[in-house]
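A.B. asks: Sequence below, structure please.
(2 chains)
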Amino acid sequence: GESVGLHLPTLSVQEGDNSIINCAYSNSASDYFIWYKQESGKGPQFIIDIRSNMDKRQGQRVTVLLNKTVKHLSLQIAATQPGDSAVYFCAESFSGGYNKLIFGAGTRLAVHP
Amino acid sequence: KAGVTQTPRYLIKTRGQQVTLSCSPISGHRSVSWYQQTPGQGLQFLFEYFSETQRNKGNFPGRFSGRQFSNSRSEMNVSTLELGDSALYLCASSSATGNEKLFFGSGTQLSVL
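C.D. replies: Next comes the predicted model:
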């Protein structure tokens, strides 16, 4: 949306390349993780989620990897397209948190033709 | 199925005024959460409601309040507005009671002058 941060780290990729967006999470007790995509003027859009009993989950053109040892999450986008250009947020939560998500700062993905 | 609907889309208020924002969740969703998004602080959790009960609250002053109605629609209110309250306010709904994916609306862009 219009209020998305102007000084976010930016990942620039060529159309057709694979993109990897990384995220470090903060709470060792977190057991649920989500990636969201936010385009200008819109709210965050769900991409993929993963629970702490898994270390990898695949969707359509996207894969999420979870490394609990180092509290690291990554989102891989295959064959990146111009429509993938957006800000990407990782978010974490824990059981009993009643849908309270802790969001990362976000990464801007810029796809160049 | 209609998504999460937030009204109004834009609001301009002056310091000291109060404001009420509205959210209609996805049909059948009983959990509604509110988030504030600013360039400096990113996405921050405000509160979550389920079956008209506030189950969780973020670290915001008491000027920020909310409620949920029996049809799961929710409102949030900010009293005595400050310049720093200018932000995109996002509502999200979920079908489940715990850690499940949240679906976000497009938000209400509040500007405080």
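
A.B. asks: Give me the most central residue, chain B.
C.D. replies: Centre of chain B computed as the mean C-alpha position; nearest residue by CA atoms, centre = their mean is B:Trp34, 3.3 Å away.

A.B. asks: That one touches B:Ser93, doesn't it?
C.D. replies: No. Between B:Trp34 and B:Ser93 there is no contact under CB atoms under 8 Å: 10.6 Å. Heads up, the C-betas are built off the backbone N, CA and C, glycines and all.

A.B. asks: Overlap of the contact sets of those two?
C.D. replies: B:Cys23 (CB atoms under 8 Å, 6 or more residues apart in numbering or on different chains).

A.B. asks: Which residue is the nearest non-sequential neighbour of the residue nearest to the centre of chain B?
C.D. replies: B:Leu46 (4.1 Å; CB to CB, 6 or more residues apart in numbering or on different chains).

A.B. asks: Touching, that neighbour and B:Gln36? I think so.
C.D. replies: Yes. At 5.8 Å, B:Leu46 and B:Gln36 qualify as touching, with contact defined as CB under 8 Å.

A.B. asks: Could you list the buried residues of stretch B:9-19?
C.D. replies: Across stretch B:9-19, burial judged by 16 or more other CB atoms under 10 Å in any protein chain shown covers B:11, B:13, B:19.

A.B. asks: measure that stretch end to end?
C.D. replies: 13 Å (CA to CA, to the nearest Å).

A.B. asks: Kindly report the same for stretch B:17-33.
C.D. replies: Note: stretch B:17-33 ends 23 Å apart using CA to CA.

A.B. asks: Let me know the average pLDDT across it.
C.D. replies: What stretch B:17-33 shows for mean pLDDT is 96.

A.B. asks: just stretch A:28-47 next, same as before
C.D. replies: Per-residue scores along stretch A:28-47 average to 94.

A.B. asks: In contact with A:Pro44, which residues?
C.D. replies: A:36-38, A:89, B:43, B:90, B:104.

A.B. asks: hmm, try it at 7 Å
C.D. replies: A:36, A:38, A:89, B:104 (CB atoms under 7 Å, 6 or more residues apart in numbering or on different chains).

A.B. asks: in chain A, which spans are strands?
C.D. replies: For chain A, strands defined by DSSP state E occupy the ranges A:10-14, A:19-24, A:32-38, A:45-51, A:56-58, A:62-67, A:72-77, A:86-93, A:102-103, A:107-112.

A.B. asks: Relative to B:Asp85, which of those is closest?
C.D. replies: strand A:102-103 (18.8 Å; CB to CB).

A.B. asks: and the closest one with chain B, contact?
C.D. replies: Yes. Applying CB under 7 Å from any CB of the partner chain, one finds that strand A:102-103 is in contact with chain B at A:Phe103.

A.B. asks: Would you mind listing what in chain B touches chain A?
C.D. replies: Close to chain A, as judged by CB under 7 Å from any CB, chain B has residues B:31, B:33, B:37-39, B:42-43, B:45, B:48, B:55-56, B:87-88, B:90, B:94, B:98-99, B:101-107, B:109.

A.B. asks: neighbours around the closest residue to B:Thr14 other than its chain neighbours, how many?
C.D. replies: If the residues on either side of it in the chain are set aside, B:Thr14 comes closest to B:Leu113, at 5.3 Å by CB to CB, 6+ apart. Residues lying near B:Leu113 (other CB atoms under 10 Å in any protein chain shown) number 10.
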